[in-house]
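Student: Sequence first, predicted coordinates after that:
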Amino acid sequence: MEKSCTLLIHYDKATPAVANEIKEALEGNGVEAKIDALKNAIMLLLNGETLPQLFITIIRYVLTSQDHTIQKLLILYLETIEKTDSRGKVLPEMILVCQALMNNLEHPNEYIRGVTLRLLSRLRETEVVEPLIPSLLQNLEHRHPFVRRNAILAVMSIYKLPHGDQLLVDAPETIEKLLSTEQDPSAKRNAFLMLFNCDQDRAVNYLLTNVDKVSEWNELLQMVVLELIKKVCRTKPSEKGKYIKIIIALLNAPSSAVTYECAGTLVSLSSAPTAIRAAANTYCQLLLSQSDNNVKLIVLDRLNELKASHREIMVEMIMDVLRALSSPSLDIRKKTLDIVLELITHRNVNEVVQTLKKEVVKTQSGELEKNGDYRQMLVQAIHACAVKFPEVASAVVHLLMDFLGDTNVASALDVAVFVREIIESNPKLRVSIITRLLDTFYQIRAAKVFPFALWIVGEYCLSLSEVKSGIATIKQCLGEMPFFSASEEAESTDSSNKTPQNTAAIVSSRRPAILSDGTYATQSAASETVFSPSTVAQGSLASGNLRSLILTGDFFLGAVVACTLTKLVLRLEEVQSSKTEINRAKTQTLLIMVSMLQLGQSHVVPHSIDPDSYERIVLCIKLICHTSDEMKKIWLEYCRQSFVKMLSEKQLRELEELKAKAQISNAQPDDLIDFFHLKSRKGMSLLELEDQVQDDLKRATGEFTKDENDANKLNRILQLTGFSDSVYAEAYVTVHHYDIVLDVTVINRTKETLQNLCLELATMGDLKLVERPQNYTLAPESQKKIKANIKVSSTETGVIFGNIVYETSNVTERNVVVLNDIHIDIMDYISPAVCSDSAFRSMWAEFEWENKVAVNTMIQDEKEFLDHIIKSTNMKCLTPTSVLEGDCGFLSANLYAKSVFGEDALVNVSIEKQSDEKLSGYIRIRSKTQGIALSLGDKITLKQKGKSS
């Protein structure tokens, strides 16, 4: 049976000491040998050994020693040993120890007195403590503060014993007198702590008597004052007004720990705008003054909590929060931007965007290696601001377009997405954006950015000059046609037989990727590979990045170029009156497309053109040669209409999410509502009035009502034993972030007293018992509540099992009642989350654990089955609702969730309806860890059948 321990020392189990050797060393005369022997004895005791034979030896040979080190180790030994027998009675040998302890309490050395008093504060045996009370009280007036502060703690712990108030009848009064004269900060703190724990009214009286001096008190004492205020305000909410004044006074304390606690206490006690504003201001000051990144992250979490409940006040502090961007930590910057983006309004958006713009400019310095990642965060933040408030787009869009050629591909991609959205939502900026895009087009390097830029050019080059500039820019970036000559093809054929290294490098870089519809495709890293000049046709490097990328085999990009040129030619027919110019443009465009097809079927490139790109380029050629009005309408109007529809659906979806987040709380019909204007205001400060108004408003709007109703609690109660068992047990399971608390109620169903009743638990999976519940005695037909804490280290389904063991007076053997297993559900640890399509795909390609579950269900409707899986797995569907509409017999959707440990869970559902109306397909789960993939797979397998499961 594990016991409570007040001492923890590292022990090397490789060289255990033998009890006989320790005994011989203790009986010797050498001081050093006795010190080592005592250390070994303490180590063995802490590791479960009993060593009863050493106790008398230590009393005979060690107790009388005057060496201070031996005396200190002796105190630790007495703290560690078992002081009672099996029946709970104090050992007779402890009487001998009492005399030694009494001598130590009167010792001339203050250190010996102090450590002995520290031992008294840890003793729980009344018989040992009682003879030492007079000596203990004398030490309260000792000249040395070390003795006094330990004496006060000893008085407090003895007073808290079962009959301690009888041992020290007037202890609170004595300590109160001491507190008024004490000068040592630590002793003063301990005295106030004693009153706080043992006589709260005296502590409150002392605080209110010295309220003007609180700001001058020591940091340790101020922390106890805050604890007292929290405790008093919970029991007497009506009196919190006068205590809030003390907290606000302490906000100016020099200690950061005190100001942080003050702000937290203020937020928990009051909803008055003045109090919340003061707390938020304190958090912002801590954010700037503290150098530790962990402290900054904690403060940002507190600000995030304030934002949820007091958004209007936090909006005023937005620029102070933004100053945290000066930290080099990406985690702090990301959390800061997340908070700021939810606080933006029409009044502050210009200031925020200007600050973000300055930060973007700073990232160009290149001093830090993570500048690219930070720039990507800033671009995404500016994008979010411009979507909410389109009027600020003009101030930043031209600056951001300089980063289309950024070496950080993700950052450049975010800029391209931002420009594409802004050019549609801000018609006034279209001409300037197109002009700037065509000027910076040659700077683009990434293959993933080019399709966005080309699509913008094809859709928004509307005037004659813009169309001509667009065609000329693309033609210039592609260079001279054809892409290669016959002699170069012959050379490349010979060199490919001799040196196939470069080709092999590209082929090996391919990997499966998931498309937005859930299907698989080959994702090639060829676009990111730099080829040597010998493998690239002459003039490619001089012509620009677009030609280089196509020559490395990126024919998807080639198909996008063909589509863009087709759109530009079709629009040229509408705005150009000269047939000669139109025919010249058509001829040049056809030459480019035919050259691409020729390149794709040659040996110059590492691999042939894929069928999709080939068909698309051929379609563009046919369209240019045979144009019809209907096809023009499809290419020039319908494509942009689809994009506009996509943007409006995205905005609508975000609006719905905001509405869902808004908490709608209603007051009950029979709730009491106080009217502020009818209240007496005598003797109340402005802060107290504000606080009462806020409380009344909360009561009126139903915010004081608790969400956790009794019905929800009943759902979490698990029956552990049967009704016919002699001991009935049931558990209420509470799942926190990193631990599980089991509140087990045990009922004695018999007419006998159950002795040494113990709840023995064991776990399976990534669960760990923190402590083992102790033995209890249960009277006939009585009950006992036992708590068990279990730590959780990862998101995985776990099992808790065990039994209840007890003894009765009639039976010598122990009785065992086996408990039902408690299954800890993975759903308690994961919650729906949102991520972008690009982030989902990159995680899908990166994560190594995959669990593939075949669809086996009685549900016959695809959408109904998807909704059932979402509900069963507690995940968020990333695929827009509009994409899932219609009845085509096939459905593919991506689901995403995040665990409390920060793990990502990705799910792809791909199903189709068979001819017999049944659904078939697969559900793929991917994660970074094995546990979450397997547990989610088991959950889906169990739940997927639907109503019949």
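Tutor: Looks like it arrived, so ask away. Quantities reported herein were computed from a predicted structural model and do not represent experimental measurements.

Student: quick one, which residue of this protein lies the farthest from its center?
Tutor: Distance to the chain centre peaks in the chain at T580, reaching 63.8 Å (criterion: Cα atoms, centre = their mean).

Student: could you say what helices and strands the helix or strand A762 falls within packs with?
Tutor: Element membership of A762 [criterion: DSSP states H and E] is strand 754-764. In terms of contacts (3 or more Cβ pairs under 8 Å, 6 or more residues apart in numbering; DSSP states H and E), strand 754-764 is packed against strand 727-735, strand 739-748, strand 767-769, strand 776-778, strand 783-792, strand 798-807. Every residue, glycine included, has its C-beta placed from N, CA and C.

Student: Repeat the analysis, applying 10 Å as the threshold.
Tutor: Using 3 or more Cβ pairs under 10 Å, 6 or more residues apart in numbering; DSSP states H and E as the contact test, the elements touching strand 754-764 are strand 727-735, strand 739-748, strand 767-769, strand 776-778, strand 783-792, strand 798-807, strand 815-818, strand 822-824.

Student: right, so of the ones you listed, which gets closest to I830?
Tutor: I830 sits nearest to strand 727-735 of all those, at 11.6 Å, using Cβ to Cβ.

Student: list the buried ones in that closest one?
Tutor: Of all the residues in strand 727-735, those buried under the rule 16 or more other Cβ atoms under 10 Å are V727, Y728, A729, A731, V733, V735.

Student: next one: stretch 832-839
Tutor: When burial is assessed from 16+ other Cβ under 10 Å, stretch 832-839 yields the following buried residues: C835.

Student: I'd say L866 and V909 touch.
Tutor: Yes. Counting by Cβ atoms under 10 Å, L866 sits close enough to V909 to count as a contact (6.0 Å).

Student: Using TSV, lay out the helices and strands packed on strand 754-764 together with mean pLDDT.
Tutor: Formatted as TSV, the helices and strands packed on strand 754-764 follow (pLDDT from 0 to 100):
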stretch	mean pLDDT
strand 727-735	87
strand 739-748	87
strand 767-769	77
strand 776-778	85
strand 783-792	85
strand 798-807	87
strand 815-818	89
strand 822-824	81
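
Student: Make CSV out of the ones you listed and add distance to R924.
Tutor: Compiled in CSV, the helices and strands packed on strand 754-764 are given as follows (distance: least, Cβ to Cβ, whole Å):
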stretch, distance to R924
strand 727-735, 27
strand 739-748, 30
strand 767-769, 28
strand 776-778, 50
strand 783-792, 26
strand 798-807, 24
strand 815-818, 39
strand 822-824, 25
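
Student: so which of those strands comes closest to I276?
Tutor: When the helices and strands packed on strand 754-764 are ranked by proximity to I276, the top entry is strand 727-735, at 29.4 Å, counting by Cβ to Cβ.

Student: re the thing from before, how far away from the center of its chain is the strand holding A762?
Tutor: With Cα atoms, centre = their mean, to the nearest Å as the basis, the distance from the averaged C-alpha position of strand 754-764 to the chain average is 34 Å.

Student: Could you shift the numbering so residue one becomes 25, and keep it that way?
Tutor: Sure, I'll start numbering at 25, so the last one becomes strand 778-788.

Student: Need the three-state assignment for E776.
Tutor: Here E776 takes the coil state, with states given by DSSP: H, G, I helix; E, B strand; the rest coil.

Student: how many neighbours does the nearest residue to it once chain neighbours are set aside have?
Tutor: In this structure, E776 finds its nearest non-sequential neighbour in T832, 5.1 Å apart by Cβ to Cβ, 6 or more residues apart in numbering. Around T832 sit 16 other residues, with neighbours defined as other Cβ atoms under 10 Å.

Student: And the pLDDT at T832?
Tutor: According to the per-residue confidence, T832 scores 83 in pLDDT.

Student: which residues does it contact?
Tutor: With Cβ atoms under 10 Å, 6 or more residues apart in numbering as the criterion, the residues that contact T832 are S750, T774, E776, T777, L778, Q779, N780, R838, N839.

Student: residue contacts, the last one?
Tutor: What it means is N839. The neighbourhood of N839, defined by Cβ under 10 Å, 6+ apart, consists of D749, S750, V751, L778, L781, N827, I828, V829, Y830, E831, T832.

Student: mind running it again at 7 Å?
Tutor: Contact partners of N839, counting by Cβ atoms under 7 Å, 6 or more residues apart in numbering, are Y830.

Student: separation between it and S110?
Tutor: 19 Å (Cβ to Cβ, to the nearest Å).

Student: ok, what's across the strand from the closest residue to R948 other than its chain neighbours?
Tutor: Here the nearest residue to R948 in space, its sequence neighbours aside, is N932; by Cβ to Cβ, 6+ apart that works out to 4.7 Å. On DSSP bridges, the residues paired with N932 through beta bridges are N918, R948.

Student: thinking P506 is in contact with Q622, fair?
Tutor: Yes. Here P506 reaches Q622: they are 6.2 Å apart, a contact under Cβ atoms under 7 Å.

Student: Quick check: buried residues in the host helix or strand of L231?
Tutor: With secondary structure defined by DSSP H and E, L231 is part of helix 224-233. For helix 224-233, a neighbour-count test (16+ other Cβ under 10 Å) marks R226, A227, V228, Y230, L231 as buried.
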